[in-house]
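J.: Predicted structure and sequence below. I'll ask about it afterward.
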Amino acid sequence: MEDEPNRGEVLETTRGAMARDTEDRAAGTHKAERRQRGRSKKKPKETRTVRVHTGHEHNPNRHYANNRIKTTKYTVLSFLPKNLFEQFHRFANVYFVFIALLNFVPVVNAFQPELALAPVVFILSVTAIKDLWEDYRRHRSDTEINHMDCLVYSRAERRYVERFWKEVQVGDFIRLRCNEILPADVLLLSSSDPDRLCHLETATLDGETNLKQRQVVRSFFDLDCEFDPLKFNGIIECEKPNNDLNRFRGYILHRSGSRDALYKDNLLLRGCTVRNTEEAVGIVIYAGHETKAMLNNNGPRYKRSKLERQMNVHVFWCVVILLLMCLFAAIGHGLWVFQYGDKRPVFDVLSPEGAELSPVVAAVYLFLTLIIVFQVLIPISLFVSIEIVKVCQVFFIHQDQDLYDEDSDSRLQCRALNITEDLGQTQYVFSDKTGTLTENKMVFRRCTVAGVEYSHDEVDSEEEEVPPPGGSLRRDSSSSQQSSRVVLRSLSTKTHRRTGSRADAKRASILSKHTAFSSPMVSMVLVLVLVLCLLCPVSSVQCPVSSLPSDLADIMDFFMALTVCNTVVVSSPNQPRQKSKSPVKTIEDFIKRFTPSRLTSGSSSSSSSSLATSRSSNRGCSGLLSSPSAESTLAKLQEEQAALGSAPPRYDGTPRSPEDGELRYEAESPDEAALVYAARAYKCSLVGRLPDQVTVELPHLGKLSFELLHTLGFDSTRKRMSVVVRHPLTDQITVYTKGADSVIMDLIKPPDTGRKLSHELVLRTQNYLNLYAADGLRTLCIAKKVLSKEQYACWLQRHLEAETAIQGREELLFDSALRLETNLQLLGATGIEDRLQDGVPETIASLRQAGLQIWVLTGDKQETAVNVAYACKLLDPEEEILTLNADSHEACALLLEETAKAFLPNFAPFEVYPPSSSSPHSAAFTVHRLGLVIDGRTLAYALDQSLEDRFLAVARSCRSVLCCRSTPLQKSTVVKLVRNKLKVMTLAIGDGANDVSMIQVADVGVGISGQEGMQAVMASDFALPRFRYLQKLLLVHGHWSYSRLANMILFFFYKNAMFVALVFWYQFYCGFSGSAMIDQWYLIFFNLMFSAFPQLVTGTLDKDVSAETLQQLPQLYMSGQNSEEYKPYMFWMNMIDAFYQSLVCFFIPYFAYADSDVDVFTWGTPITTLALLTILVHLGIETRTWVRTHVSLFFTVSLCYNASCPSCFSPSNPYWSMQRLLQDPLFYLLCVLTPVAALLPRYVQLGPVPLPLDLWLCPVPLPLDL
Amino acid sequence: MMASSYNAKEEDGHHSGASNNGGAGVVKSKKPDNTAFKQQRLPAWQPILTAGTVLPAFFVIGLIFIPIGIGLYVTSNNIKEYEIDYTGADINDACYNCAKNFSWNSTTPCLCSVPFTLEQPFESNVFMYYGLSNFYQNHRRYVKSRDDSQLNGDRSALKNPSKECEPYRTSEGKPIAPCGAIANSLFNDTLELYHIDSNGTRNAIPLVKKGIAWWTDKHVKFRNPGGNSNLTVAFQDTSKPVNWRKPVFDLDPSDPENNGFINEDFIVWMRTAALPTFRKLYRIIQKKPSTTPTLPSGKYVLEITYNYPVRSFDGRKRMILSTISWMGGKNPFLGIAYITVGSICFFLGVVLLIIHHKYDTRNNSADIPS
């Protein structure tokens, strides 16, 4: 991990340096700026000033980066030094270069110095070639991008001319056409759109496919004629380039001295596509590498896997073993020299200088020599091999058809290249609920308006179930049984046993997609709306809407709020947007349009008659409407409806009217879209949204345009959003607010100031909300507030101040919103269903069987979350549920204590978990059949440092944990806590922006590329289209990746240890002189050529168990969780095995050739061969799947090995020795005997010990199936 | 009709997805190819390593190895070998005086003779070896101390030997040919073998010195500079190795073809031994055409010209006479090893079979579903 974070920085600075040679100076300053920004927060200048390039003199913006991008790291000249420098960040490379250089010292050299350089050079060049290739590809794509065309205004020619992207500079005017991609970050100055809008598709940036609207800067808004760049004379002051896509602040300083605030809504970002807009003109603010898109482009992520961390420990041990071996031999050599004393034997050659070496000096020299000789022990090719294998694994995971989602045409993406094996070791899964477990496709289910509940059932048209005639408008009390189960928010641990079938949950999961609205409420509301709308215009002056019967007004308001209070964009993507028919603006206009013929087509005769009366007298109207109570009106309507149609209207698959079919709503959150669609189903449809006006189409009335005064967007702190609109007919200023029930309820006007019913209404609504939540619905409260002109003016003033502020604008706007959203009047609440994704319960069940602990962290309400948890089998009806709700720190502590005492008898209160001393596997057996449910507030207390241990102790012994109402920060804290305290491998999966922090904290982050944009995917290591794919990803690919890599790494250690040990044993027979009987070529290239290759193939293709088996038997996954394939003791077992095998491989030839006329290398060659054979046969035994390629590879390698021999020419000069050996029967006899003898222990071990495969053949009852 | 709105939303994602591509042609599916390689379904042989497949291997190995081992052991036992230690370390030894007084600096050769008796006649070709013990020909600096290109007849290397030869590179300002420590320590004892008749006469046994080196060594690896014509001229301006008595071109006075770098004794010596106790082929006693054995049983005398000091490093010198078989010299080890490994395999097979039998029955009764 040490070197990896630097990568980004290196890249960053590199990019800076790369900026065109001609603009050296500019690049230099730019680089300096950038560095300053990176290192310290102090900036010499806080803002960037963009002036218009007037054509003469220097471009005032020349010191800003131009639009040429260069993502390559290297140039032809800088490639070698820079690449080497980067490679030397890896310690192993430095080590090997050090050893190679040591060889150049004559006293200690062991090999031909040039030869010793070869493997290092090989490894370095392999990496370098890989880097070069990647860089070249980047270069090609850069060139392609740099040479795209765009229209830039040329002052000389006084028109827009075609230019390459790379020629665009800050301050240039750019003309954009429909479907064009933006070359740089551009401030929108003009648009052909009648509303001065520009529609953008930002999919390449954040993956959100809905269209975004961007607005022309306010002062250019009224520009009627075409924008003339020559006339532009403002100076733009804005932020320094930063990577926040959702932030842009600044202002234009006009010549006149007036200032215009600039928002993110004015900025078009590079990489987006212009849609629905014929033409737009803008000025470039940020170009090239300073664009937000480029600043956001961090490239792939680098993490270090658990296996690699483990491996590094063992690499360290290898170094220790190496040093010990060298030390031993060095002492041996010292003694050996010492025993001869002054009588120098002929074979003890003097040093080159002719000096006689004292035993001590000789030993020191020898120590260094042996480090060179034994260097093979540290597997030089291991790192490269691991990288290659991982790339192959990523490739295979990518290619898996089972992980391809037909619907979204997306497949799994591996964004992190080097943690594939962590997938096989995960122990805890932290999942988001919405969008991850569920579809995040919202279906409007129920609503309560003014304390009356309406259900909105779906009819399963596929299953041909005849719906109850007359629909199902029911005043919902059928679930009274449920209401008794409402969990009390109190200081108590309520545990209740859930029995019986969860019918509701089941229903939720089996609902098919083809459902239709059939509620008669549609017609009812239609009528109501009609009535209401008829009344409004006439009474607008004299009779304010508030005088209407509250129920009807509320229903009207309720649907109005649903339609208006959102940020949904209406799109008709096929052609550029035309200004819609001018909406109704005045009462006269309205009346003019409102023809009687249309009216009579209405379904209700009473309403038409009421119109007739209302025209003449408004008194009558109010009287008519106020006389019947709300109840009776509804009852009447109900009857009418029942009479009207016994069968509800059925949907036959074609849109009713083409106009309707064309309307598409693109919302930032699917909830909003669901609400708007629901409102449209009730004939209150949103037909247009512009920055300052919302057009609503009402039945028989046509379009009605509300002036949209303000939109106070949703944020997670306020948990609500509001719009301020002016009613077109009444001119009333209304605030519509919708948001989470918990916050809205607190903002409702206190009863004493409001109507009498208000308090009761709130209570009833809250009651329904609880019921909705119990059914697993997502709830939202809708409220409104009518503002007087004075109030509004007062608020507006401060709001405008906030809007134009440059510093701390967010905070000011936030405060401003808070001021507005008070004393609300509750209209009602909605319940939206979020369906479970396909296969979620099965996936959870099998993941759990695989020994994974699954925690769900959600921002949803406790009741909703619990119900979804039941639906997806996370909680079991048989289980005890532990609910933790506490209001204070002390209460929380007490609660945890009590819980622990009650349910965990063995629990010691202040037990701090020793880092995985007890294997988590064994812990899984002690897990209680408990489900833990904790809410956000309690979680906040529980995550406090003093309580976290206790909390963890409780949580880890529960089978499933559900954290509701948790904030993104809490999510990540929980993950961090579990990861750090329990020392387990964690996986976080989520789909939304609120999961990003959790995804980043976890060892493995998985993003669902779903509805909520790409933030989660951008932060993730793996991106899945669906939750259920997690099963195959973990159980199959994770298992394979882990077992392949684990085996490969162990094998590398074994192989090298065995090979080096051969040379070590030889030291006893050559006076510890550092001599090697194995030819130096073999010794050096053994790792690279002879043995690494088959190992690579095995590491990529071996399957210990087939994919089907792995999925059928999730239990097999536990081997990875417990690191069973690579445990520390296994390293040592392998080492011992290696030593044993090397002893056999050494001493069998030793005795076979003892006291013969064999020479060093004629003897060493068989040993090499034997070792290689042993290693390959060993690999063969370890390999579970013999792909044909293996067998042929063994032969290829052997042949290479043989063929390489006569050609190699070295001081040892092994010329023809192989050929002679091949004529020698003794050689073959050895080849048969030695591997058999060497591998006997391995083979014996295979005998009685059952392999995972045996497990499959004769399955044993598994412990987790309790 | 109410559903129309809902359904429009359902298709929502799809529509906008299509419009993303600006309607430019058919959207290319990202679906991965369904090939065996990419889906990791390559045909593979997956040996199921259960006791049932592992156990027979033990028996098979045992059954093959034991006969091979017996065959090798018998073959090795049929090889005849006779060994004499003539170091002269012990006071009673014939060469004690030579060994005691001799050093590299001695100029006069010391002669000694060792009598011995062959109990059994040696049939076919007999190979005569000299053996050295405790002589670390495999010492790292020793092994390196040679110049292969010089030995290959390279003239420039002759004049300017490789640095590896230090400190035996030059002597008295002239380059040493052949340079290096290996050449310098050339074994230079002369061994002669006499058969003593029943009537006491000494018959010299003809020792062939041709063909003791590898053919490739003699003809490819080692060459004299400037061919074999007039070696005296070729080795002009070179110095003999320090420990040598005679220059390199005068190693074998009897055969001019066996002088210089291609002297076979020299070549044999230059092939450094793998282990500190080694033997090197010295002469071959060729099989006589008649039916009489090459070396009949009886008394023999080994005449030694003692030139090579080994006492300084506690070395031993031996003379070995040996016949040879298809598997090389006498070495019972391999036969024994085969028999041992074979037996172990067989034994393990039996043990595992017993263990497995118990394990398996327990397993069978317990949980193998039908």
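T.: Alright, I've got the coordinates.
J.: Which parts of the stretch 951-1100 of chain A are strands?
T.: A:958-963, A:986-990, A:1004-1008, A:1022-1024 (DSSP state E, counting those that start in this stretch).
J.: Let me have those strands in JSON lines, extended by mean pLDDT.
T.: What follows is the strands of the stretch 951-1100 of chain A, written out as JSON lines (pLDDT from 0 to 100):
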{"stretch": "strand A:958-963", "mean pLDDT": "84"}
{"stretch": "strand A:986-990", "mean pLDDT": "89"}
{"stretch": "strand A:1004-1008", "mean pLDDT": "87"}
{"stretch": "strand A:1022-1024", "mean pLDDT": "86"}
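J.: Including mean neighbour count and distance to residue A:833, could the ones you listed go into JSON lines?
T.: Where you see a C-beta, it was placed from the backbone N, CA and C, and this is true even at glycine. Formatted as JSON lines, those follow (neighbours: other Cβ atoms under 10 Å in any protein chain shown; distance: least, Cβ to Cβ, whole Å):
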{"stretch": "strand A:958-963", "mean neighbour count": "25", "distance to residue A:833": "19"}
{"stretch": "strand A:986-990", "mean neighbour count": "30", "distance to residue A:833": "20"}
{"stretch": "strand A:1004-1008", "mean neighbour count": "29", "distance to residue A:833": "19"}
{"stretch": "strand A:1022-1024", "mean neighbour count": "26", "distance to residue A:833": "23"}
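J.: quick one, which of the ones you listed is nearest to residue A:178?
T.: Closest to residue A:178 of the strands of the stretch 951-1100 of chain A, according to Cβ to Cβ: strand A:1022-1024, at 30.4 Å.
J.: tell me what the closest one is packed against?
T.: Where contact means 3 or more Cβ pairs under 8 Å, 6 or more residues apart in numbering or on different chains; DSSP states H and E, strand A:1022-1024 is packed against strand A:413-414, strand A:1004-1008.
J.: Got the phi and psi for residue A:854?
T.: Note on residue A:854: its backbone torsions stand at phi -110, psi 120 [degrees, to the nearest 10].
J.: who touches residue A:854 in this structure?
T.: Listed by Cβ atoms under 8 Å, 6 or more residues apart in numbering or on different chains, the contact set of residue A:854 reads A:428-429, A:431, A:844, A:847-848, A:874, A:960.
J.: Can you tell me which of these is nearest residue B:292?
T.: Using Cβ to Cβ, these come closest to residue B:292 at residue A:847, 87.2 Å.
J.: doesn't the closest one fall inside a helix?
T.: Yes. Per DSSP: H, G, I helix; E, B strand; the rest coil, residue A:847 lies within a helix segment.
J.: does it really touch residue A:1034, like I thought?
T.: Yes. At 6.9 Å, residue A:847 counts as touching residue A:1034 under the criterion of Cβ atoms under 8 Å.
J.: When the two are compared, which one has more neighbours?
T.: Between residue A:847 and residue A:1034, counted using other Cβ atoms under 10 Å in any protein chain shown, the more crowded position is residue A:1034 (27 against 22).
J.: For the more buried one, which non-adjacent residue is spatially closest?
T.: In space, and not counting its chain neighbours, residue A:1034 is closest to residue A:423: 5.6 Å by Cβ to Cβ, 6 or more residues apart in numbering or on different chains.
J.: Run through the neighbouring helices and strands of the helix ranked longest in chain B.
T.: For chain B, the longest helix by residue count, based on DSSP state H, is helix B:332-367. With contacts taken as 3+ Cβ pairs under 8 Å, 6+ apart, helix B:332-367 sits against helix A:1128-1152, helix A:1225-1246, helix B:51-78.
J.: Redo these as TSV? Include mean pLDDT and distance to residue A:363.
T.: Converted to TSV, the helices and strands packed on helix B:332-367 look like this (pLDDT from 0 to 100; distance: least, Cβ to Cβ, whole Å):
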stretch	mean pLDDT	distance to residue A:363
helix A:1128-1152	89	23
helix A:1225-1246	80	32
helix B:51-78	87	41
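J.: any chance of those in JSON lines, plus distance to residue A:216?
T.: Formatted as JSON lines, those follow (distance: least, Cβ to Cβ, whole Å):
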{"stretch": "helix A:1128-1152", "distance to residue A:216": "65"}
{"stretch": "helix A:1225-1246", "distance to residue A:216": "76"}
{"stretch": "helix B:51-78", "distance to residue A:216": "78"}
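J.: Can I get those in JSON lines including mean neighbour count and distance to residue B:174?
T.: What follows is those, written out as JSON lines (neighbours: other Cβ under 10 Å; distance: least, Cβ to Cβ, whole Å):
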{"stretch": "helix A:1128-1152", "mean neighbour count": "20", "distance to residue B:174": "42"}
{"stretch": "helix A:1225-1246", "mean neighbour count": "20", "distance to residue B:174": "43"}
{"stretch": "helix B:51-78", "mean neighbour count": "17", "distance to residue B:174": "49"}
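J.: Out of those, which gets nearest to residue B:181?
T.: With Cβ to Cβ as the measure, helix A:1128-1152 is the member of the helices and strands packed on helix B:332-367 nearest residue B:181 (24.7 Å).
J.: Would you mind listing the outside residues contacting that closest one?
T.: Residues outside helix A:1128-1152 that contact it (Cβ under 8 Å, 6+ apart): A:310, A:313-314, A:317, A:321, A:1050-1051, A:1053-1055, A:1057-1059, A:1061-1062, A:1064-1066, A:1069, A:1163, A:1166-1167, A:1170-1171, A:1174, A:1178, A:1226, A:1230, A:1233-1234, A:1237-1239, A:1241-1242, B:275, B:331, B:333-334, B:337.
J.: at 7 Å instead, please
T.: Here helix A:1128-1152 makes contact (Cβ atoms under 7 Å, 6 or more residues apart in numbering or on different chains) with A:314, A:1050, A:1053-1054, A:1057-1058, A:1061-1062, A:1065, A:1163, A:1166-1167, A:1170-1171, A:1174, A:1226, A:1230, A:1233-1234, A:1237-1238, A:1241-1242, B:331, B:333-334, B:337.
J.: Please apply the same query to stretch A:244-255.
T.: A:205-206, A:217, A:219, A:233-239, A:259-264, A:267, A:269, A:292, A:296, A:806, A:809.
J.: Can you report how many residues neighbour residue A:693?
T.: 18.
J.: what ranges do the helices span in the stretch 701-850 of chain A?
T.: Along the stretch 701-850 of chain A, counting by DSSP state H, counting those that start in this stretch, helices occupy A:741-747, A:757-774, A:789-804, A:809-820, A:840-849.
J.: Could I get the strands of the stretch 951-1100 of chain A in a markdown table, plus columns for distance to residue B:304?
T.: Shown next, in a markdown table, are the strands of the stretch 951-1100 of chain A (distance: least, Cβ to Cβ, whole Å):
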| stretch | distance to residue B:304 |
| --- | --- |
| strand A:958-963 | 89 |
| strand A:986-990 | 80 |
| strand A:1004-1008 | 78 |
| strand A:1022-1024 | 80 |
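J.: Relative to residue A:568, tell me which of those wins on proximity.
T.: Nearest to residue A:568, of the strands of the stretch 951-1100 of chain A and by Cβ to Cβ, is strand A:1004-1008 at 22.7 Å.
J.: Give the pairing partners of that closest one; include direction for each.
T.: Strand A:1004-1008 pairs in its sheet with strand A:986-990 (parallel), strand A:1022-1024 (parallel), by DSSP bridges.
J.: Can you list the low-confidence ranges for the stretch 101-250 of chain B?
T.: Scanning the stretch 101-250 of chain B for pLDDT under 70 picks out the ranges B:106.
J.: Residues of it that sit close to chain A?
T.: Taking Cβ under 7 Å from any Cβ of the partner chain as the contact definition, the stretch 101-250 of chain B meets chain A at B:129, B:131, B:135-145, B:148, B:163-164, B:166-167, B:181, B:185, B:216, B:221.
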